[in-house]
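> predicted coordinates and the sequence they were generated for:
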Amino acid sequence: YSLRTVLSGRCHLSKVGTGRRPPPARVRVAVRLRPFVDGAAGANEPPCVRGIDSCSLEVANWRNYQETLKYQFDAFYGERSSQQDIYAGSVQPILRHLLEGQNASVLAYGPTGAGKTHTMLGSPEQPGVIPRALMDLLQLTREEGAEGRPWDLSVTMSYLEIYQEKVLDLLDPASGDLVIREDCRGNILIPGLTQKPITSFSEFERHFLPASGNRTVGATRLNQRSSRSHAVLLVKVDQRERLAPFRQREGKLYLIDLAGSEDNRRTGNQGIRLKESGAINTSLFVLGKVVDALNQGLPRVPYRDSKLTRLLQDSLGGSAHSILIANIAPERRFYLDTVSALNFAARSKEVINRPFTNESLQLHALAPVKLSQKELLGPSEAKRARGPEEEEIGNPELTASAASASQKLSPLQKLSNMDPAMLERLLSLDRLLGSQGSQGTPLLNTPKRERMVLIKTVEEKDLEIERLKMKQKELEAKVLAQEALDPKEKENSLTVHRPLPRRTVTGAKPLKKAVVMPLQLIQEQAASPKTEIHILKKRGRKRKVESSQVSEPVEKASEDCWELQISPELLAHGRQKILDLLNKGSARDLRSLQRIGQKKAQLIVGWRELHGPFSQVEDLERVEGISGKQMESFLKVSVLPVVPALPARPCSNSSPLPCRRTS
Ligand code: ADP
Ligand code: MG
């Protein structure tokens, strides 16, 4: 017979333990990977997902072969796991809570064809969670409710479907959309929903099996009998105390075969089917948000946003014990749905910097990549670039030895001569990876792509540093040679002007030495190493400390504080050029000389006509109208730009160090 119970008006019933509310319970998440199914397209293809241990699995990242997505769950059941494994591991432990008056729910999630119905219902040969749970629960209640025990127990079942956000009673298909209500104690109930008392498993089957046939199913390209609705089996355990105070308690167990989570854009659905998918997806979307909110401890859990979550409000979170079993398939055509199902269910996800550890993948897809990298880098670099992960693949025992081997291969060992900035960056990368619990040699755990780039950058930097070092050494050698030459020249000359003894104005600060090299000169040096260098030495100032604080223009500073040393050959060459100009140049030519204006140029030409050619540049001093001081100034400024490309300027013949400070 059919017993219709209106569940409202139960406020007077007190549930044991409702006085002290435990903190909201997390939804536990298990993932089940089904094996390849016979007849499935591409059964011989490599799997795109693989288990790591009893809690984690990895998925190939098809967008980047160098990366693997690793997911962590409360439990992972691989393709060889049995129905009993899933049941005993994740479902059976929560059943006893029903007898304590608490609620529980088991939800099978995943794309159509991934094994939700197999997990929940199974087959006569491989019964799933529902028959196993019912069997155990009925057995448990029989024992606990036996004569002489304090509690009288009864079990009832309801079976409903949520289809396009409508609640349909599968035990009474004629009834329309049912409403979901909440009583004053927060218990969720559906007035009018059929409840069948069950005392044995065969009784359960008698109600359940025909009702399953009432489920709304539709054909899609993905699966012939694709479930487009949420099938909700509710098993309620009512307890009444046989003796005073005659307490009552109730535990609800929801066993739910959720609708397929696949993206309906890829199922070829149109029209009504698309609308169905939309409704399903909205409901699943809210379920995802609810699970998220519960597991993150968010203050607001959006139960009311969908029928499904509203129904589950008192059985997800709170004191309820819930398990979500995400079913996934190994076939490549499921890849996107698998990743989206895992993302839905994932408590944590990690991107691991190693290729998906799949032999066939490695052989076919990764081998050419590795080869080209090695070819690019050459043998030693390729050896450096090779990480321990290749040895690690599928063989965790090798990890330790590979890690120790990687110590020898570590590029960090060869970085002693490296740019300190780059070294610092690598070390901070090292520390960062270390702080994230990364094992092995840090640099080798970075993505291969990044590693290649890093190694390349390091090598480029190394080369650059080598080049700069060589250049510096060359220049230093030249400076030393020049310094060694200086004393000889000074001895040979009677008019050597030694640098003035340094005046220690501050006493503490050593005087700076600067090497000034015009660009042309550097280029020339490279071509002819014999060319001498101009060296300007900063000399002590004669000024007082106060005046030295005043910033001066660079030119003036060089005039006042620098002494020029010039190669005698270059000097002689310059002098000759200036002399030629003085003797042969027109007034206009002469004006190209520094400190020779129109007036002086005319004086020089006049003097030349009167006295004949100049025999030396110093004869300029004899020109009337050019004072000795002007002459000296002329010589001084004309020395600096003595570069072959520029017009020659006069300079003193008497000294190889003609321009000294005369202060
Ligand atoms: P869903 O309900 O998610 O659409 P099904 O449970 O109908 O998927 O599974 C699709 C097919 O895969 C069925 O033929 C089912 O028998 C088979 N299958 C699913 N999971 C397993 C498993 N763990 N072992 C063996 N076959 C399975
Ligand atoms: Mg199904």
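Cool, got the structure. Numbering: from 1, shown residues only. Ligands and ions are numbered 1, 2, ... in the order given.

> what about the residue in the chain positioned nearest to ligand 1, neighbour count?
Closest approach between the chain and ligand 1, counting by C-beta to the nearest ligand atom: Gly115, at 2.8 Å. In this view, the C-beta of every residue, glycine as well, is placed from N, C-alpha and C. Using other C-beta atoms under 10 Å, Gly115 is surrounded by 23 other residues.

> and it, backbone torsions?
Phi and psi for Gly115, reported as degrees, to the nearest 10, are phi 110, psi 20.

> so Glu250 belongs to a strand, correct?
Yes: counting by DSSP: H, G, I helix; E, B strand; the rest coil, Glu250 is part of a strand.

> share the number of residues neighbouring it, please.
Per other C-beta under 10 Å, the neighbour tally for Glu250 reads 20.

> how about Ser123?
10.

> just Arg575 next, same as before
Residues lying near Arg575 (other C-beta under 10 Å) number 24.

> for Phe73, same thing?
Neighbour tally, Phe73, other C-beta under 10 Å: 22.

> follow-up on the earlier one: so the residue of the chain closest to ligand 1 makes contact with Pro330?
No: judged on C-beta atoms under 8 Å, Gly115 makes no contact with Pro330 at a distance of 10.6 Å.

> so what sits against both of these two?
Arg34 (C-beta atoms under 8 Å, 6 or more residues apart in numbering).

> so, low pLDDT: which residues of this structure?
Applying pLDDT under 70 to the chain flags residues 1-24, 38-44, 214-227, 263-281, 347-350, 352-451, 486-566, 635-663.

> I figured Trp151 hits Glu144, correct?
Yes: in this structure, Trp151 is within contact of Glu144 by C-beta under 8 Å, at 6.3 Å.

> overlap in contacts of these two?
When contacts are counted by C-beta under 8 Å, 6+ apart, the set common to Trp151 and Glu144 is empty.

> for the longest helix seen in the chain, packing partners?
Counting by DSSP state H, the longest helix found in the chain is helix 448-492. The contact analysis (3 or more C-beta pairs under 8 Å, 6 or more residues apart in numbering; DSSP states H and E) places helix 448-492 against helix 367-385, helix 420-435, helix 442-445.

> same thing but at 10 Å, please
Here helix 448-492 is seen to pack against helix 367-385, helix 420-435, helix 442-445, helix 519-527, strand 535-538, strand 562-565, helix 568-584 when contacts are counted using 3 or more C-beta pairs under 10 Å, 6 or more residues apart in numbering; DSSP states H and E.

> so Ser82 sits right up against Ala88, yeah?
Yes: under the criterion of C-beta atoms under 10 Å, Ser82 makes contact with Ala88 at 9.2 Å.

> for the nearest residue to Pro197 once chain neighbours are set aside, what are phi and psi?
Residue nearest to Pro197 in three dimensions, not counting chain neighbours: Thr156, with 5.0 Å by C-beta to C-beta, 6 or more residues apart in numbering. In terms of degrees, to the nearest 10, the main-chain angles of Thr156 are phi -130, psi 160.

> buried sites along stretch 321-334?
With burial defined by 16 or more other C-beta atoms under 10 Å, the residues of stretch 321-334 counted as buried are 321-334.

> is it in proximity to ligand 1?
Yes: for a cut-off given as C-beta under 6 Å from any ligand atom, stretch 321-334 has contacts with ligand 1, namely Asn327.

> between the two ends of that stretch, what distance do you get?
One end of stretch 321-334 sits 30 Å from the other (C-alpha to C-alpha, to the nearest Å).

> any residue of that stretch up close to ligand 2?
No: interface with ligand 2: stretch 321-334 contributes nothing (C-beta under 5 Å from the ion), its closest point being 9.1 Å away.

> what does Ala30 show for phi and psi?
In terms of degrees, to the nearest 10, the main-chain angles of Ala30 are phi -120, psi 150.

> so it sits against Tyr71, correct?
No: applying C-beta under 10 Å as the test, Ala30 and Tyr71 come out as separate, 11.6 Å apart.

> compare these two (neighbour count), which wins?
Tyr71 (25 against 22).

> next up, phi/psi of that one, please.
According to degrees, to the nearest 10, Tyr71 has phi -120, psi 140.

> distance check, it against Glu58.
Distance of Tyr71 to Glu58, computed by C-beta to C-beta, to the nearest Å: 7 Å.

> ok, back up a step: and for Ala30 and Tyr71, which residues touch both?
Cys55, Ala326, Ala345 (C-beta atoms under 10 Å, 6 or more residues apart in numbering).

> of those residues, closest to ligand 2?
Ala326 (13.9 Å; C-beta to the ion).

> tell me what the closest one is bridged to.
Beta bridges link Ala326 to Val31, Tyr109 when assigned by DSSP bridges.

> same question for Gln195.
Leu3.

> I figured it hits Met157, correct?
Yes: counting by C-beta under 10 Å, Gln195 does reach Met157; the two are 7.2 Å apart.

> higher neighbour count, the two?
Using other C-beta under 10 Å as the criterion, Gln195 and Met157 rank with Met157 on top: 22 against 19.

> what parts of this protein come near ligand 1?
34-35, 37, 110, 112-118, 223, 227, 260, 327.

> overlap in contacts, Gln195 and Met157.
With C-beta under 10 Å, 6+ apart, Gln195 and Met157 have common neighbours Leu171, Leu234, Lys236.

> of all the residues you listed, which comes closest to Glu203?
Leu171 (12.9 Å; C-beta to C-beta).

> list the contacts for the nearest residue to Ala329 once chain neighbours are set aside?
Excluding its sequence neighbours, the residue lying closest to Ala329 (C-beta to C-beta, 6+ apart) is Ala114, at 4.4 Å. By C-beta under 10 Å, 6+ apart, Ala114 lies in contact with 32-34, 37, 108, 223, 260-262, 326-331, 334, 337-338, 341.

> for ligand 2, give me its nearest residue in this structure.
Counting by C-beta to the ion, the chain gets nearest to ligand 2 through Thr117 (3.1 Å).

> might one say that that residue is in contact with Ile256?
No: Thr117 is beyond contact range of Ile256, at 11.4 Å (criterion: C-beta under 10 Å).

> more neighbours: which of these two?
Ile256 (26 against 22).
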